[in-house]
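A.B. asks: Sharing a model that was predicted from the sequence below.
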Amino acid sequence: MRKAPLGQRIHLALVNEGPGAAIAIAREAGQPDLFDRIQAVASEDPSPSFLHSALCAMSLPVRRPSDDRAPIIRQDGQYTLAITPKAILRRNSGGQRLEVLGVPYGPLPRLILIHVMTEAVRTKSRQITLGKTFTDWMRRMGFRTISYGPRGSATLIRQQLDRLLACEWMIRWDGEDAQGSREFGIKEIKLTTEYVGVDTPGGGFLREIMLTEGFYEHLRKHAVPLNETAIRQLRESATALDLYTWLAYRLPRIHAKRPAVLSWQQLAVHFGNEGSNIRKFRQTVRDAWERQVSGVYPEARADFETSVIRLHASPPPLQRALVPVLAVGRQPLDVSAPVAPPPDDTAAKFMKALRSRLDPAIARAWLAESSFEEKDGTWRLLLPTKFKADWIRQHLAIEIDHARATSGLVAPPIVAVKPR
């Protein structure tokens, strides 16, 4: 029987035996801080963050490339992502000049993207307000220690934000039709073409960002739900963030009876590794899984073997983390599986229409264990927890109204918690 990774073993000990046993395992492994990360995720109700599925499947550079002005090209199956740095106008003592900043890299642009996309999904708006000051924005992003100077956290974040906003993004799809002819589709987008800010002695600060309509609409359809607390615990490691977001995207989409198998070379392509040192890449990913990601995403079922990687169907990371489902040799409860709709034809039509408007991962995360029922002439969308009901009321009003019209309901349904 394969041994569970360290993070999941500590989580299991916390669930089944209490903090003392979990701390003992972490200390014995020389990772006392890992217990604190796991406890933080396990003890908090999950709060949703979001990232575009293309960036979950195909990542930014982990470190600064030798030529950081060259485009980033990533592949994932039929999809290719290209991120190209463009020249922007910068102020200097003599006026204005064009400058190519280069591609974004490291953990900071990943955190910026998650924050910006989460705000867009949360507010249902293309207009993102960062904050009144740079310090205010960094606080909102979860930074407690904020430093300035050439290598200060504020300076580094500002540099990576500037790089992100200057890039153009291209997503290409390649396929084959029934006659064997090659098909392709290309979407060229930018995160934003409009932003405002202020110039200060320490540099410019962007107060508001307006996402382009094309990117925003693409994001609404392809946003992958993440756990904000888990992101916070992984914030210092670009590799751990990449692995977590990739698993959050892939695992809920895998067939329950057919694990996905891929080579280390294939994963290296997703993560932008050129494959020149696959052994080092494998060790880095396995270490991130063993000592970081498995602890903050304990429901994830994956085997990072020496020769191949096996991915098993798993619930999305927004489930309540403190659940004893990971005992070695046991199959976890697939809480992400869609619940069969009630026999009433109206209910079936409503749930089908609602799911069709959502990205599959979002549908699995938020509609798991839901039901649609009529009582006393009023239709109700019933959710297992108040947390899910509140989130759906706030974020899915348009999608619910579309499902209402499609299923022939006159009045919008009530979103409520299932009676206990």
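C.D. replies: Ah, there it is.

A.B. asks: what's the burial count for Thr135?
C.D. replies: Residues within reach of Thr135, counting by other Cβ atoms under 10 Å, total 14. C-beta: built from backbone N, CA, C; applies to glycine.

A.B. asks: would you say it is within a helix?
C.D. replies: Yes. Thr135 forms part of a helix when assessed by DSSP: H, G, I helix; E, B strand; the rest coil.

A.B. asks: residue contacts, the nearest residue to Pro32 once chain neighbours are set aside?
C.D. replies: Of all residues not flanking Pro32 in the chain, Ala26 sits nearest, at 5.3 Å (Cβ to Cβ, 6 or more residues apart in numbering). Residues in contact with Ala26 (Cβ atoms under 8 Å, 6 or more residues apart in numbering) are 10, 32-35.

A.B. asks: 7 Å instead?
C.D. replies: 10, 32, 34-35 (Cβ atoms under 7 Å, 6 or more residues apart in numbering).

A.B. asks: Which ones among the residues you listed map onto helices?
C.D. replies: Using DSSP state H, the subset of the contacts of Ala26 located in helices is 10, 32, 34-35.

A.B. asks: got the buried residues for the lengthiest helix in the chain?
C.D. replies: The longest helix of the chain (DSSP H) is helix 107-123. By 16 or more other Cβ atoms under 10 Å, the buried positions in helix 107-123 come out as 107-121.

A.B. asks: Of the ones in helices among the contacts of Ala26, which is the most crowded?
C.D. replies: Ile10 (29 neighbours).

A.B. asks: That one touches Gly295, doesn't it?
C.D. replies: Yes. In this structure Ile10 lies within contact range of Gly295 using Cβ atoms under 7 Å: 6.0 Å.

A.B. asks: what is in contact with those two at once?
C.D. replies: Joint contacts of Ile10 and Gly295 (Cβ under 7 Å, 6+ apart) are 34, 38.

A.B. asks: for Asn227, what are its contacts?
C.D. replies: 41, 46, 317-318.

A.B. asks: So what sits opposite it in the bridge?
C.D. replies: For Asn227, the beta-bridge partners are Pro48 (DSSP bridges).

A.B. asks: returning to what we had before: nearest to Ala348, of the contacts of Ala26?
C.D. replies: Proximity of the contacts of Ala26 to Ala348 was ranked by Cβ to Cβ; the top entry is Ile10 with 42.8 Å.

A.B. asks: do you know how far that closest one is from Ala288?
C.D. replies: 15 Å (Cβ to Cβ, to the nearest Å).

A.B. asks: cool, and Pro413?
C.D. replies: Counting by Cβ to Cβ - Pro413 and Ala288 are separated by 43 Å.

A.B. asks: Next: Ala21.
C.D. replies: Distance from Ala21 to Ala288, by Cβ to Cβ: 24 Å.

A.B. asks: Ok, Gly95 next?
C.D. replies: 46 Å.

A.B. asks: Which of these two has more residues huddled nearby?
C.D. replies: The residue with more neighbours, out of Gly95 and Ala288, is Ala288; 21 against 7, by other Cβ under 10 Å.

A.B. asks: buried sites along the helix or strand where that one lies?
C.D. replies: Element membership of Ala288, judged by DSSP states H and E, is helix 278-288. The neighbour-count check on helix 278-288 (16+ other Cβ under 10 Å) flags 281-282, 284-288 as buried.

A.B. asks: now the helix or strand following it: mean pLDDT?
C.D. replies: As assigned by DSSP H and E, the chain's next helix or strand after helix 278-288 is helix 294-296. Helix 294-296 comes out with an average pLDDT of 94.

A.B. asks: Show me what helix 294-296 is in contact with.
C.D. replies: With Cβ under 7 Å, 6+ apart as the criterion, helix 294-296 contacts 5, 7-8, 10-11, 34, 37-38, 41, 230, 233-234, 244, 300.

A.B. asks: What separation is there between Gln31 and Trp379?
C.D. replies: Distance from Gln31 to Trp379, by Cβ to Cβ: 50 Å.

A.B. asks: Could you do Trp264 as well?
C.D. replies: In terms of Cβ to Cβ, Trp264 sits 50 Å off from Trp379.

A.B. asks: Flag the shaky bits of this structure, pLDDT-wise.
C.D. replies: Applying pLDDT under 70 to the chain picks out residues 1-2, 94, 177-178, 184, 187-190, 192-206, 274-276, 319-344.

A.B. asks: Quickly list the domain ranges of it.
C.D. replies: 1-43+251-330, 51-224, 345-417 (automatic domain parsing).

A.B. asks: Output these in JSON lines, with distance to Ala238 appended to each entry.
C.D. replies: Converted to JSON lines, the domains of the chain look like this (distance: least, Cβ to Cβ, whole Å):
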{"stretch": "domain 1-43+251-330", "distance to Ala238": "10"}
{"stretch": "domain 51-224", "distance to Ala238": "4"}
{"stretch": "domain 345-417", "distance to Ala238": "22"}
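
A.B. asks: between the ones you listed, which one is nearest to Ala240?
C.D. replies: Closest among the domains of the chain, using Cβ to Cβ: domain 1-43+251-330, at 4.3 Å.
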